[in-house]
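Trainee: Here you go, sequence then predicted model.
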Amino acid sequence: MLNTSIFKHHAPFKLEAGGVLPEVELAYQALGQLNTDCSNVIWVCHAFTGSQDVADWWQGLVGKGKLFDPEQYFIICVNVLGSHYGSTGPLSINPETGDPYFHTFPTITIRDIVNSFDLLREHLGISKIKTCVGGSLGGQQAVEWAISQPELIENLILIATNAQHSPWGIAFNESQRMSIEVDPTWTESHPLAGINGMKAARATALISYRNYETYGVTQARREEGLDKTYRAVTYQRYQGEKLAQRFNAFSYYVLSQVMDSQDVGRGRGGVINALGQVKAKTLVMGIKSDALFPINEQEFLAKHIPDATFQALDSLYGHDGFLIENELITKAIKIWQKFIKLDVNPMYSFFKALEDRPRTLVAHD
Ligand SMILES: CC(=O)SCCNC(=O)CCNC(=O)[C@H](O)C(C)(C)COP(=O)(O)OP(=O)(O)OC[C@H]1O[C@@H](n2cnc3c(N)ncnc32)[C@H](O)[C@@H]1OP(=O)(O)O
Ligand SMILES: N[C@@H](CCO)C(=O)O
């Protein structure tokens with residue numbers, strides 16, 4: 001991937017669940033220039049199958065003339081441990097055996113990912129983060145970091161995420177892991193092991209990333225015959241194939257367990273107590289049609305993070321709206337930024353107008 005740097009930590013890295021990675025590598029991209037007083041750092045945390053290439057997957061928000069403009073900010077995004085895009089993960093070589101980890105990759109958690117970010121942060125000499133932002137699994141990392149290091153992050157933006165992963169979310173993830181496990185190749189020590197199972201897992205996941213209405217609009221039935229090639233059929237299959245072109249089943253399996261591990265209250269006297277430790281000025285956004293991280297999870301975050309602002313977003317796209325509704329997200333953040341500059345805590349009603357905009361419908365042929 002272009003513009004990617006690799007940070008190498010050649011020392012054992014202790015994991016929350018008790019394991020150890022003998023060494024850690026993190027693939028990251030940094031855009032723009034770091035200010036001398038370190039006041040312009042935007043740290044973006046990516047989601048489940050995302051990557052460090054934030055200017056690609058969030059091009060509506062990151063880039064020249066966009067909300068997060070590299071001419072103004074030093075924007076950094078790190079491929080998470082366990083992922084597929086260059087950081088230490090199941091396909092990496094275990095230096096102790098000389099072979100890829102594959103199934104022996106140790107259990108990692110959101111906290112391990114955040115701890116690994118911190119190694120890189122120190123290496124780069126970043127003493128403070130102006131804004132830490134993330135959606136979904138990325139938001140899980142951002143809120144964890146704001147709790148574990150309350151003085152580090154000035155502004156926190158959480159989108160379509162939670163403080164503790166729900167039984168519903170864990171059940172979705174387990175169902176997807178079961179799809180991988182029933183692939184007969186899954187037991188093999190090979191980069192493509194379980195890849196067909198992962199295709200089925202992705203298709204299932206898509207249902208949770210979107211919803212009934214999304215499919216009704218984007219995959220509306222046009223067929224009158226009985227040849228079984230409904231648009232929703234080919235869409236599900238295509239999405240599985242599309243992911244298989246860029247990801248692996250080991251990372252999928254490991255990162256789904258990372259998502260399940262989210263519980264900011266673990267060892268901190270509970271979730272509410274933990275959220276109360278956040279010192280960053282916080283904007284929490286939820287998508288009303290999100291079936292996977294329902295909006296009540298973001299309302300909960302906003303309720304228990306001191307002085308947080310909450311914004312509900314209207315989107316056709318459900319959970320995936322955090323990757324698609326760039327215009328709406330930009331607008332909400334800009335309004336919030338104006339208020340925090342004035343040191344005013346904006347009320348929900350200030351944002352009401354944003355919800356009334358017409359929906360953008362995308363029909364695929
Ligand atoms: C190296 C890298 O790629 S880094 C990783 C980039 N990805 C990420 O960061 C992960 C987060 N991103 C995502 O999850 C997704 O990209 C999203 C949510 C932002 C957008 O999802 P998409 O799959 O692009 O959108 P959508 O659901 O509308 O599907 C569009 C695709 O399905 C195809 N499609 C739509 N309907 C059908 C159908 N009925 N039958 C078959 N194919 C269909 C379209 O032709 C299109 O194909 P294309 O992606 O090859 O152009
Ligand atoms: N579409 C997102 C969903 C998880 O938030 C991804 O693949 O990362």
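Mentor: Cool, got the structure. Residues are numbered from 1 along each chain as shown. Ligands and ions are numbered 1, 2, ... in the order given.
Trainee: Which of the three states applies to the residue nearest to the spatial centre of the chain?
Mentor: Per C-alpha atoms, centre = their mean, the C-alpha nearest to the average position across the chain is that of residue 47, at 2.0 Å. Assigned by DSSP: H, G, I helix; E, B strand; the rest coil, the conformation of residue 47 is coil.
Trainee: mind checking how far residue 180 is from residue 87?
Mentor: 21 Å (C-beta to C-beta, to the nearest Å). Where you see a C-beta, it was placed from the backbone N, CA and C, and this is true even at glycine.
Trainee: check contacts around the nearest residue to residue 168 once chain neighbours are set aside.
Mentor: For residue 168, ignoring the flanking residues on the chain, the nearest one in space by C-beta to C-beta, 6 or more residues apart in numbering is residue 292 at 7.7 Å. The neighbourhood of residue 292, defined by C-beta atoms under 8 Å, 6 or more residues apart in numbering, consists of 168, 169, 172, 208, 209, 318, 319.
Trainee: Sort out which residues of the one helix or strand the second one maps to are buried, please.
Mentor: Under the criterion DSSP states H and E, the helix or strand holding residue 169 is helix 167-181. Judged by neighbour count (16 or more other C-beta atoms under 10 Å), helix 167-181 contains these buried residues: 169, 170, 172, 173, 176, 177, 179, 180.
Trainee: before we move on, what about stretch 327-336?
Mentor: Neighbour counts over stretch 327-336 (16+ other C-beta under 10 Å) mark 328, 329, 331, 332, 333, 335, 336 as buried.
Trainee: Quick check: residues of the protein near ligand 1?
Mentor: Within reach of ligand 1 by C-beta under 6 Å from any ligand atom, the chain has these residues: 47, 49-51, 53, 57, 219, 231, 234-235, 238, 242, 246, 320, 323-324, 364.
Trainee: Which members of the residues you listed are positioned in strands?
Mentor: Judged by DSSP state E, these include no members of strands.
Trainee: Could I have the buried ones of these as PyMOL selection syntax?
Mentor: Restricted to buried positions by 16+ other C-beta under 10 Å, the PyMOL selection for these reads:
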select buried, resi 47+49+50+51+53+57+219+231+235+320+323+324
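Trainee: for the contacts of residue 292, which one is nearest residue 297?
Mentor: Closest approach to residue 297 among these (C-beta to C-beta): residue 169, at 9.1 Å.
Trainee: Could you check how far that closest one is from residue 50?
Mentor: Counting by C-beta to C-beta, the separation of residue 169 from residue 50 is 17 Å.
Trainee: Can you show me the strands along the stretch 251-365 of the chain?
Mentor: Assigned by DSSP state E, counting those that start in this stretch, the stretch 251-365 of the chain shows strands spanning 281-287, 309-313.
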